[in-house]
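[1] I would like the atomic coordinates for the input below:
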Amino acid sequence: MLKSKTFVKKTRSGGVLKIVREHYLRDDIWCGSEVCKECKDEAPVLQEHACIESDLCSYPHYLIPDTNVLLHQIDILVDPLIRNVIILQTVLQEVRHRSAPVYKRIKDAIHEKEKHFYTFTNEHHRETFIEREQGESANDRNDRAIRVAAKWYTDHLAKKTNGGSLKVVLLTDDRANKEKAEQDGLIVYRCEEYIKSLIGNPELMDRLALQPDDQNEITGSKLLFPEHLPLSRIQSGIKNGMFLQGTFHANRDNYLEGKVFINREGEEINEVLLQGLQNLNRAVHQDVVAVELFPKERWVAPSSVVLQDDSPNDEDADEDETENNLKGVPSDSSVLKPTGRVVGVIKRNWRPFCGMLSQSMIKEATRHLFTPADRRIPRIRIETRQAANLVGQRIMVAIDGWPKNSRYPNGHFVKNLGSAGDKETETEVLLLEHDVPHQPFSQAVLSFLPQMPWSITEEDLKVRADLRHLCVCSVDPPGCTDIDDTLHCRELENGNLEVGVHIADVSHFIRPGNALDQEAASRGTTVYLCGKRIDMVPELLSSNLCSLRSNVERLAFSCIWEMNHNAEIIKAHFTKSIINSKASLTYAEAQMRIDDSNMNDDITKSLRGLNRLAKILKSRRIAKGALTLSSPEVRFHIDSETHDPIDMQSKELKETNSMVEEFMLLANISVAQKIYDEFSECALLRKHPSPPPSNYDILIKAAKSRDLNILTDSAKALADSLNNATVENFPYFNTLLRILATRCMMQAVYFCSGMDSDFHHYGLASPIYTHFTSPIRRYADIIVHRLLAVAINADSTYPDLMDKHKQTALCNNLNYRHKMAQYAQRASVAFHTQLFFKNKGIINEEGFILFVRKNAIIILIPKFGLEGAVFFDHKDRPSPRLSFDSEGPTLKVEEHTFRMFDKVKVTISLDASNIQHQRIRMALVEPGFITQQLGK
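    Below you'll find the predicted structure:
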């Protein structure tokens with residue numbers, strides 16, 4: 001049966017367009033229940049014996065949640081206890097438009113066979129489709145459609161079971177919808193009353209999201225915050241310039257301060273400072289907000305004070321005194337910043353937060369405060385009956401709302417992650433907090449993997465260059481199983497050299513648009529933690545079929561150059577290939593072969609040739625202005641039984657590290673030029689923007705303190721200055737300066753060539769660059785492989801590959817995933833560092849002052865690649881006389897002056913007094929008289 005849907009749409013020019021769409025109604029949409037023999041459903045989802053113990057519903061029943069129940073009570077619905085749920089098409093479509101995270105979670109639940117969730121397409125069923133009536137709102141029409149579908153199910157199942165005991169229960173928290181459903185003779189309950197009725201499952205009550213009515217019950221009557229303006233007022237205010245729209249960033253060190261980064265281009269002001277609870281007005285980190293700018297006479301400077309929210313646990317403390325203290329502290333800078341207040345929230349970016357419960361001091365209390373692990377998130381008030389069991393546990397909590405008369409947002413318990421301090425639990429927390437997708441690959445994704453046993457086919461041999469005869473080898477860190485790249489070097493008959501970089505052909509196995517491709521695109525990158533790897537692609541590919549292991553035939557994408565002995569490229573050639581690596585070496589093994597004059601086999605000769613050319617390539621890059629920077633990296637030696645770190649040391653780089661890096665850089669640059677020449681509008685490239693001059697202030701000051709001059713006009717000037725910056729009898733000085741220079745740099749990012757004009761890579765001093773050499777662990781490289789394959793006619797294109805807007809959206813996700821992966825890796829190193837010092841006790845070690853602050857010095861311990869602070873002001877005892885000079889910068893403590901890069905000796909230990917925020921504590925041993933004056 002054919003219906004037509006008609007609606008009008010406003011055009012950009014202000015006209016009105018009438019749109020008519022065909023809408024098909026069918027009779028062959030099945031109910032999905034095992035009890036029904038009339039519906040010809042070969043694989044029914046809903047069980048015949050849908051039993052769950054309930055005081056309200058003692059009979060077997062199916063649940064039908066309405067849209068708001070699905071949106072707000074998703075944590076209840078995904079619980080393993082809740083099964084046999086009918087998800088109506090009306091509800092699913094509304095959820096899809098209103099919340100992408102909830103939509104993904106409900107789709108995952110539908111795909112779980114044990115859940116028995118069934119999607120009923122009521123909008124295309126002849127008996128359940130309804131037209132919108134005149135004067136009826138879209139929301140009322142959808143509520144009516146839900147009631148009609150629930151009524152149809154009730155009648156349909158009654159017929160099939162001869163009026164048997166199987167019923168349908170509608171869940172809604174909308175009072176009007178509930179009353180109308182009762183008038184229609186439906187069984188209907190509020191979500192809370194249904195969950196309360198479930199026998200023997202009190203923990204489910206903790207997962208109930210609070211409704212606005214409930215939230216008012218648990219908050220005070222005192223108005224603490226200004227009312228948020230309605231969205232219509234906000235939109236018109238933004239349009240006429242009264243308000244600015246931006247993303248709120250909370251201050252990690254001061255809960256009474258934050259910034260709003262303005263999103264609109266061409267806006268004079270790009271960030272607005274907020275100070276005080278009233279002006280923050282219930283904004284949570286990463287919310288999109290509307291701000292009103294204060295007049296210039298009310299602008300202030302950022303505060304230098306550190307404030308953690310440690311007000312009493314179970315009351316709405318008065319913040320006036322604290323805020324007055326905040327204003328009373330003189331600012332670090334006399335430069336005033338544009339200042340304002342939040343007038344409304346445009347989009348909440350709430351997610352479930354990890355943290356710990358602060359149990360109420362009141363005995364038998366059910367309301368407690370939850371303290372998130374991320375200091376930028378406010379504490380959250382939750383209601384739970386299992387507080388005693390949750391103390392000392394890492395838990396997840398979701399925010400439900402933040403009423404204007406509540407000091408804290410209200411939320412509900414989601415999940416217990418395990419004991420705080422436990423390795424598995426803390427790893428789970430850091431993955432969740434950094435939004436790293438780490439769930440096992442779904443069956444839908446795994447279904448696109450090749451069937452085993454897999455082998456290279458005759459078809460592959462016809463369309464690929466057969467390079468199995470070449471003496472190809474890989475050089476990687478020890479224990480590496482996801483080998484992306486191999487190399488070879490051999491002499492040609494004409495006296496020139498042939499050099500090849502052969503990269504795993506991952507794009508052969510991951511085809512555009514399928515579930516495997518979508519999952520890899522979403523993950524964006526493999527994440528390497530200490531002792532754990534979160535793969536971007538399933539292990540069958542990452543550690544087997546795509547890994548270029550030795551003595552097995554593998555598919556590759558090869559970049560082959562003919563070079564002269566001065567490492568000058570005569571010609572470059574790209575081809576899909578088949579290779580057979582002759583050796584999988586570690587950096588140390590490759591270095592040993594190069595250095596051992598007794599070894600003269602083909603692999604060693606190839607390595608020596610590569611190493612000689614790499615040195616020439618590197619010196620040429622540095623001459624052009626490429627930067628050689630430094631950052632302290634550590635390697636942990638892990639106990640094979642306990643998996644605890646037993647030793648920790650800075651990573652040592654060998655010549656072979658540099659050898660591999662040079663050829664990877666060369667391949668990336670060659671491929672970047674090729675894909676840009678072919679696809680100037682949609683090449684996926686990588687750029688490294690030049691830092692603004694102000695970024696270098698600290699570097700210039702640090703060098704000046706040792707009577708050295710650092711030039712920063714260009715990358716070449718900076719590179720030359722760093723090369724010449726040496727201090728007699730202080731060999732580590734240059735490394736410290738390079739570590740500092742690294743901190744001045746901008747983040748390198750992926751971008752689409754058709755959407756940008758600045759391609760330059762500052763750090764590499766290259767006019768163009770991309771990522772081609774690591775497709776097992778980076779999705780950007782897979783896209784680059786696809787572009788290169790189309791460029792050399794080795795594969796066909798597809799629409800998304802040539803769409804610069806979709807390419808840009810993909811780049812934004814990849815940049816986000818790479819940044820979060822870096823943060824997760826740092827957090828993992830920090831956690832394992834804490835474990836190491838927990839087992840080691842107190843250690844004395846030499847270090848260097850990296851930064852000087854108003855009340856502290858930041859010290860780097862080269863042996864461990866570890867940074868920590870020594871504070872000179874203490875809450876529990878008198879502080880020494882401090883004099884800070886920002887020009888130096890220097891800090892005078894009593895009679896001793898500390899400068900950047902001074903050598904010191906410290907004791908290092910673990911401070912575990914705050915179980916959630918454990919930290920490495922450093923205390924000065926030398927200079928000795930300082931420690932005596934501090935009373936140590």
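
[2] Please count neighbours and contacts with C-alpha atoms only from this point.
    Will do.

[3] quick one, what contacts the closest residue to residue 681 other than its chain neighbours?
    Spatial nearest neighbour of residue 681, excluding adjacent residues (C-alpha to C-alpha, 6 or more residues apart in numbering): residue 754 at 3.8 Å. Residue 754 makes contact with 680-683, 804 under the criterion C-alpha atoms under 8 Å, 6 or more residues apart in numbering.

[4] tell me the contacts of residue 523?
    Counting by C-alpha under 8 Å, 6+ apart, residue 523 has contacts 436-437, 536, 817.

[5] Please apply the same query to residue 498.
    Contacts of residue 498 (C-alpha under 8 Å, 6+ apart): 488-492, 560-563.

[6] Secondary structure element holding it?
    In this structure, residue 498 sits in strand 497-504 according to DSSP states H and E.

[7] for the helix or strand following that strand, packing partners?
    Scanning forward in sequence from strand 497-504 by DSSP H and E, the next helix or strand is helix 506-509. Here helix 506-509 touches helix 779-791, going by 3 or more C-alpha pairs under 8 Å, 6 or more residues apart in numbering; DSSP states H and E.

[8] pLDDT of the strand holding residue 498, averaged?
    Averaged across strand 497-504, pLDDT comes to 95.

[9] For the stretch 801-936 of the chain, which segments are assigned as strands?
    Under the criterion DSSP state E, counting those that start in this stretch, strands of the stretch 801-936 of the chain are mapped to 843-852, 856-861, 866-871, 882-885, 890-893, 896-899, 903-911, 919-926.

[10] surely residue 808 meets residue 752?
    Yes: when contacts are counted by C-alpha atoms under 8 Å, residue 808 is listed as touching residue 752 (5.6 Å).

[11] Neighbour count for those two, which is higher?
    residue 752 (24 against 19; other C-alpha atoms under 10 Å).

[12] Report the separation between that one and residue 827.
    Distance, residue 752 to residue 827, by C-alpha to C-alpha, to the nearest Å: 30 Å.

[13] Please apply the same query to residue 388.
    Distance from residue 388 to residue 827, by C-alpha to C-alpha: 29 Å.

[14] just residue 847 next, same as before
    For residue 847 relative to residue 827 (C-alpha to C-alpha), the value is 22 Å.

[15] of these two, who's got more company?
    The neighbour count for residue 847 versus residue 827, taken as other C-alpha under 10 Å, is higher for residue 847 (22 against 19).

[16] Bridged to that one, which residues?
    Residue 847 has these beta-bridge partners by DSSP bridges: residue 904.

[17] Tell me if I'm right that it and residue 904 touch.
    Yes: with contact defined as C-alpha under 8 Å, residue 847 reaches residue 904; the gap is 5.4 Å.

[18] Can I get the strand holding residue 498 as PDB, trimmed to CA atoms?
    Taking Å, rounded to 0.1, in the frame of the first residue of the first chain, the C-alpha atoms of strand 497-504 are listed here in PDB:
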ATOM      1  CA  LEU A 497      71.500   1.800  -6.000                       C
ATOM      2  CA  GLU A 498      68.000   0.500  -5.800                       C
ATOM      3  CA  VAL A 499      66.300   1.200  -2.400                       C
ATOM      4  CA  GLY A 500      62.900  -0.100  -1.500                       C
ATOM      5  CA  VAL A 501      60.400   0.600   1.300                       C
ATOM      6  CA  HIS A 502      57.800  -2.100   1.400                       C
ATOM      7  CA  ILE A 503      54.700  -1.400   3.500                       C
ATOM      8  CA  ALA A 504      52.000  -3.900   4.500                       C
END
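
[19] Let me know whether my guess that residue 711 is in a helix holds.
    No: assessed by DSSP: H, G, I helix; E, B strand; the rest coil, residue 711 does not belong to a helix; its assignment is coil.

[20] right, and it touches residue 723 too?
    No: between residue 711 and residue 723 there is no contact under C-alpha under 8 Å: 11.5 Å.

[21] coming back round to it: nearest to residue 450, of the strands of the stretch 801-936 of the chain?
    Taking C-alpha to C-alpha, strand 866-871 is the member of those nearest to residue 450, at 44.2 Å.

[22] Give the partner strands of the closest one in its sheet and their orientations.
    For strand 866-871, pairing defined by DSSP bridges yields strand 856-861 (antiparallel).
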